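Trainee: model the following, please.
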Amino acid sequence: MRKNTYKIPAIGSCEVCKKGNISLTRTYFHYDNVKCSCHSPNHFIIIEHCDTCVPVEPNETKIHIKTKDLDSPIDKLSISLRDDEDYYISWKSNIAMAFYDVFVNKSNISNQEIHKLSNQAADNFLQLLLYPESVASNRNKKIEKIIGVEYIEIKK
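Mentor: Numbering: from 1, shown residues only. Purely as a prediction, here's the structure:
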């Protein structure tokens, strides 16, 4: 979550202290990893308040999602993986072990290093699945991949 505050040319009621007919400031709470139909492209909450009040992030928010978007199995999976840390960890562990089992007897890298690389590979896969836009924005950077004991440098 990130937060931005802006002075706005409006008179109204403070959502925090409820004083009316006052000059307002608007604070946005942005949730960059939450897609919704109510905002474009990501969800945020706006709190309009007076200059003396400090808004606090709400405990809950309502998110509008188009019904047709709920039919996608990947979207359902993505929502579950984002909302449930234990579920994410179970997926990461299963993906990492699939890589580990194939790779462990095929190289001269230590089992500890393969375990570490397996977890990194699983995290990379899940991040690509859950947050493709943020991963794509990092592709301009130099990427090094380890394959066996060879190092291959990939540049865009």
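Trainee: any low-confidence regions in the protein?
Mentor: 69-71, 133-156 (pLDDT under 70).
Trainee: can you map out the helices along it?
Mentor: Secondary structure of the chain (DSSP state H): helices at 73-83, 85-103, 111-130, 132-137.
Trainee: Serialize those helices to JSON lines and add fields for mean neighbour count.
Mentor: The way it works is simple: take the backbone N, C-alpha and C, and place the C-beta from them, glycine included. Converted to JSON lines, the helices of the chain look like this (neighbours: other Cβ atoms under 10 Å):
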{"stretch": "helix 73-83", "mean neighbour count": "13"}
{"stretch": "helix 85-103", "mean neighbour count": "14"}
{"stretch": "helix 111-130", "mean neighbour count": "15"}
{"stretch": "helix 132-137", "mean neighbour count": "11"}
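Trainee: let's have the ones you listed in TSV, adding distance to His39.
Mentor: Shown next, in TSV, are the helices of the chain (distance: least, Cβ to Cβ, whole Å):
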stretch	distance to His39
helix 73-83	17
helix 85-103	24
helix 111-130	19
helix 132-137	15
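Trainee: what sits against Lys66?
Mentor: Ser37 (Cβ atoms under 8 Å, 6 or more residues apart in numbering).
Trainee: from Ser72, how far off is it?
Mentor: Relative to Ser72, Lys66 is positioned 11 Å away (Cβ to Cβ, to the nearest Å).
Trainee: likewise Pro58?
Mentor: Applying Cβ to Cβ to Pro58 and Ser72 gives a distance of 28 Å.
Trainee: same question for Gln127.
Mentor: For Gln127, the distance to Ser72 - Cβ to Cβ - is 19 Å.
Trainee: swap in Lys19?
Mentor: For Lys19, the distance to Ser72 - Cβ to Cβ - is 45 Å.
Trainee: buried set for the longest strand along the chain?
Mentor: Using DSSP state E to define each element, the chain has its longest strand at strand 22-35. The neighbour-count check on strand 22-35 (16 or more other Cβ atoms under 10 Å) flags Ile22, Leu24, Thr25, Arg26, Thr27, Phe29, Tyr31, Val34, Lys35 as buried.
Trainee: reformat those residues as a markdown table; add distance to Lys62.
Mentor: Listed next are those as a markdown table, based on distance: Cβ to Cβ, whole Å:
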| residue | distance to Lys62 |
| --- | --- |
| Ile22 | 26 |
| Leu24 | 22 |
| Thr25 | 23 |
| Arg26 | 19 |
| Thr27 | 18 |
| Phe29 | 13 |
| Tyr31 | 12 |
| Val34 | 12 |
| Lys35 | 14 |
